[in-house]
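Colleague: turn this into a structure:
(chains A, B, C and D)
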There are 2 protein chains.
Amino acid sequence: MAGTRRRGVGRGRPTLEEVAARAGVGRGTVSRVINGSPRVSDRTRTAVEQAVAELGYVPNRVARALAANRADAVALVIPEPETRLFAEPYFSDVICGVGAELADTDLQLLLTLIRTPKERQRFAEYLSAHRVDGVLLVSVHADDPLPDLLERIEMPAVLSGRRSAHESVPYVDSDNAGGAQSAVEHLLGRGRTTVATITGPLDMYVAQCRLDGYRAAIRAAGQEVDPDLIAPADFTEEGGRRAMRELLRRRPHVDAVFAASDVMAAGARQVLREEGRRVPDDVALVGFDNSAVARHMDPPLTSVRQNTEEMGRAMVRVLLEEIETQGDRTSKRPQLVLPTELVRRGSS
Amino acid sequence: MAGTRRRGVGRGRPTLEEVAARAGVGRGTVSRVINGSPRVSDRTRTAVEQAVAELGYVPNRVARALAANRADAVALVIPEPETRLFAEPYFSDVICGVGAELADTDLQLLLTLIRTPKERQRFAEYLSAHRVDGVLLVSVHADDPLPDLLERIEMPAVLSGRRSAHESVPYVDSDNAGGAQSAVEHLLGRGRTTVATITGPLDMYVAQCRLDGYRAAIRAAGQEVDPDLIAPADFTEEGGRRAMRELLRRRPHVDAVFAASDVMAAGARQVLREEGRRVPDDVALVGFDNSAVARHMDPPLTSVRQNTEEMGRAMVRVLLEEIETQGDRTSKRPQLVLPTELVRRGSS
DNA sequence: CATCAACCTGGGAGCGCTCCCACACTACCT
DNA sequence: AGGTAGTGTGGGAGCGCTCCCAGGTTGATG
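Modeller: Numbering: from 1, shown residues only, chains lettered A, B, ... in the order given. Next up is the predicted model:
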């Protein structure tokens, strides 16, 4: 919280004014050149560019931000109530995509981890205090107050994933239902007849979507959806174990399981081994996320891949558009759904 | 690269001046109260605090940064020449620690991914352009020009991990040698007689340290170090496979392997399975990093745990100290080594 | 040759803060 | 009473930029 003295590097760097003096022009003109305004004659532009090069001038972005009332930065917000969520490869991939897309911009990436209500409060103050031009929200829960807060203060924002079927805030999401459906179709296509599913927490929309995809595939194959083949869990390994035990109890002849996450699939696999069921011979297994866990299971796990990095990139593109059209109440809120892909491995 | 117009939220928020007017004091006084200066009478302070509360005043940090010539931000730099390196849980843990430690500060965290020399160039300009007060460098290679660049422009910086035994820049590192030693001692202690090691790329200091730890444990047990039991690899799964095959060829009676990373251990494990060697019955296996991979292997992998999150926290503390004592040429460069811990699982 | 739009250009004003100097005011000593 | 600290306080001067207006130049047009 301190207000300790910290003197930065760079005192003594050339300023706009010095460049202007050297080029024999006014401040305004240099500013126009720097910002690529077309209203500058070629001769002047060349002269300024040379002065910039000679002096090694780099604009002071803090001054620019103050004068122009913008931040040249976007925040990536990661709510992290449960531990380790951030360790999911999902996040790092999104971050990679975001970073890659941002590299072509002169925007900076601010990383904000929000663990407590107090930290959320702090973050809200940052927003008011003008620190960012827009916000990327990763994996918000349905009851997170942040999206609505952002909407209220008219801060451009993009979600990764929807909170519900009628999400009002711009978002980029994976085709969860489609991915789940193709996974289950794959199992049915390989001759499995009793395909169960282990779901995520059903108050999360993403879990609902994957379950919907499961149902759609079952029905498309002309089967009835058997509620006893649907075991809800919570995206954790332990949850996967419990759900698998439950499934074996209720439907001992189950011959395939679609788990809505790789981690739950890993839990299920352990139970199957304990119970002496071979994978894939007795029970075929498919996960979701195509995480590192999937590759390292024995046998390697078939899984639905989301193009997570592309999600990050798309989020940035959508956010930039939002920032651009800000205040323009007529513009539509962009909402994107990215395709998924089934990665086949030994488990199915 | 655009200079497109972006108008931020917050125009119309109260300023210092307005708070001063409301409290019936001067600007300077409000500034002193905000920054916790002791040179303010209690009465005045109370009046100002009340005005701040009534107006909902939040300091504009951009203006503050410009006036005070500091950034109130630190950059976390992640060089990422090879893909996926960032997906290692290592990074996310460090980031968590950094975020946690930074939460008590009014510093912001800037995330910078550097993939190409061009991006490094860009980053160097950022630094000159006054965007950050200090830099956290994660997993730099020995030949990375960044640390020296930072040193030259006197930008406070902290490394995670050393580049060599005589690192000049402040750093926070894990006790790699100690961790490796305890892993090998553990294997010897369980009666194994022929303990091999799969190393990382030996031009990386961290790989050297882990190898040194292996050698120390072997010698401490009164054995000679057999060069044929040392197989260099590159921290990849494929490298782990190759190294394991090589070891089996050279020393078929090997009964334990210490791999300098979990991922390499996973590769080794596959080869052992192919060759019909049971783990741990025929060959005991220990990894390093205690990553998710370790938990999901079959049997679960014994591994050396680094307190990665604490590394992140420590890095921030060291950096703050560096920023504080900046320019003070007499102050010592803080260098920290954090202990590791062996996590025992079924593979040994 | 006058007129006017279109185009460039310089530089004042100002973004919201910190820094610091100067000035009051008190308290305490000669 | 005169000095000498020490303590609070106000406000001018800037930080380095962008914004924008006025003014100058140019070239096409009547």
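
Colleague: count residues in the vicinity of A:Arg245, would you?
Modeller: Counted with other Cβ atoms under 10 Å in any protein chain shown, residues neighbouring A:Arg245 total 17. Using the backbone N, CA and C atoms, a C-beta is placed for each residue, glycine as well.

Colleague: so what's it closest to, chain neighbours aside?
Modeller: A:Val271 (5.5 Å; Cβ to Cβ, 6 or more residues apart in numbering or on different chains).

Colleague: ok, then the element right after the helix or strand where that neighbour lies?
Modeller: Under the criterion of DSSP states H and E, A:Val271 resides in helix A:262-274. Following helix A:262-274 in sequence order, the next helix or strand is strand A:284-288 (DSSP H and E).

Colleague: from the contact counts, what lies against that next one?
Modeller: Helices and strands touching strand A:284-288, by 3 or more Cβ pairs under 8 Å, 6 or more residues apart in numbering or on different chains; DSSP states H and E, are helix A:176-189, strand A:256-259, helix A:262-274, strand A:302-306.

Colleague: give the contact list for the residue nearest to A:Arg245.
Modeller: Residues in contact with A:Val271, defined by Cβ atoms under 8 Å, 6 or more residues apart in numbering or on different chains, are A:240-241, A:244-245, A:248.

Colleague: tell me which two in those residues are the farthest apart.
Modeller: Spatially, the most separated pair among the contacts of A:Val271 is A:Gly240 and A:Leu248, at 12.7 Å (Cβ to Cβ).

Colleague: if you count surrounding residues, which of these two has more?
Modeller: Between A:Gly240 and A:Leu248, counted using other Cβ under 10 Å, A:Gly240 has the larger neighbour count: 29 against 21.

Colleague: how is chain A divided into domains?
Modeller: Per the record, chain A has its domains at A:16-59, A:73-174+A:309-339, A:176-305, by automatic domain parsing.

Colleague: contacting residues around A:Val225?
Modeller: Contacts of A:Val225 were listed using Cβ under 8 Å, 6+ apart, and they are A:215, A:218-219.

Colleague: mind jotting down where the helices sit in the stretch 1-150 of chain A?
Modeller: A:16-23, A:27-34, A:42-55, A:61-68, A:89-102, A:117-128, A:146-152 (DSSP state H, counting those that start in this stretch).

Colleague: the shortest one: which residues count as buried?
Modeller: Yep, that's helix A:146-152 we're talking about. Neighbour-count burial for helix A:146-152 flags A:146-147, A:149-150 (criterion: 16 or more other Cβ atoms under 10 Å in any protein chain shown).

Colleague: same thing with stretch A:153-170?
Modeller: A:155-163, A:167, A:169-170.

Colleague: next step: those restricted to helices.
Modeller: Among the buried residues of stretch A:153-170, DSSP state H puts none in helices.

Colleague: and A:Ile198, which of the three is it?
Modeller: strand (DSSP: H, G, I helix; E, B strand; the rest coil).

Colleague: show me the contacts for it.
Modeller: A:231-233, A:239-240, A:243-244, A:247, A:257-260, A:264-265, A:268.

Colleague: so it versus A:Ala73, what's the distance?
Modeller: Distance, A:Ile198 to A:Ala73, by Cβ to Cβ, to the nearest Å: 41 Å.

Colleague: isn't A:Pro334 up against A:Val318?
Modeller: Yes: in this structure A:Pro334 lies within contact range of A:Val318 using Cβ atoms under 8 Å: 4.9 Å.

Colleague: tell me, what's touching these two both at once?
Modeller: A:Pro170.

Colleague: what about those two, which has more around it?
Modeller: The neighbour comparison of A:Pro334 against A:Val318 (other Cβ under 10 Å) goes to A:Val318, with 23 against 16.

Colleague: for that one, helix, strand, or coil?
Modeller: helix.

Colleague: report the contact partners of it.
Modeller: Shown in contact with A:Val318 (Cβ under 8 Å, 6+ apart): A:158, A:170-172, A:334, A:336.

Colleague: what does the stretch 151-300 of chain A have sitting close to DNA strand C?
Modeller: Residues of the stretch 151-300 of chain A found near DNA strand C (Cβ under 7 Å from any atom of the strand): none.

Colleague: residue of the stretch 151-300 of chain A closest to DNA strand C, please.
Modeller: A:Ile153 (15.6 Å; Cβ to the nearest atom of the strand).

Colleague: how near is that residue to A:Gln326?
Modeller: 12 Å.

Colleague: do the same with A:Ala165
Modeller: Separation of A:Ala165 from A:Gln326 (Cβ to Cβ): 26 Å.

Colleague: measure the residue of the stretch 151-300 of chain A closest to DNA strand C to DNA strand D for me?
Modeller: 21 Å (Cβ to the nearest atom of the strand, to the nearest Å).

Colleague: where does the stretch 51-200 of chain A dip in pLDDT?
Modeller: For the stretch 51-200 of chain A, the stretches with pLDDT under 70 are A:81-89, A:130.

Colleague: what about 80?
Modeller: Residues of the stretch 51-200 of chain A meeting the criterion pLDDT under 80: A:80-90, A:92, A:125-126, A:128-131, A:139.

Colleague: what residues does it put near DNA strand D?
Modeller: Proximity of the stretch 51-200 of chain A to DNA strand D is confined to A:57, A:59-60, A:63-64, A:66-68 under the rule Cβ under 7 Å from any atom of the strand.

Colleague: please repeat the previous calculation with a cut-off of 6 Å.
Modeller: Residues of the stretch 51-200 of chain A found near DNA strand D (Cβ under 6 Å from any atom of the strand) are A:59-60, A:63-64, A:66-68.
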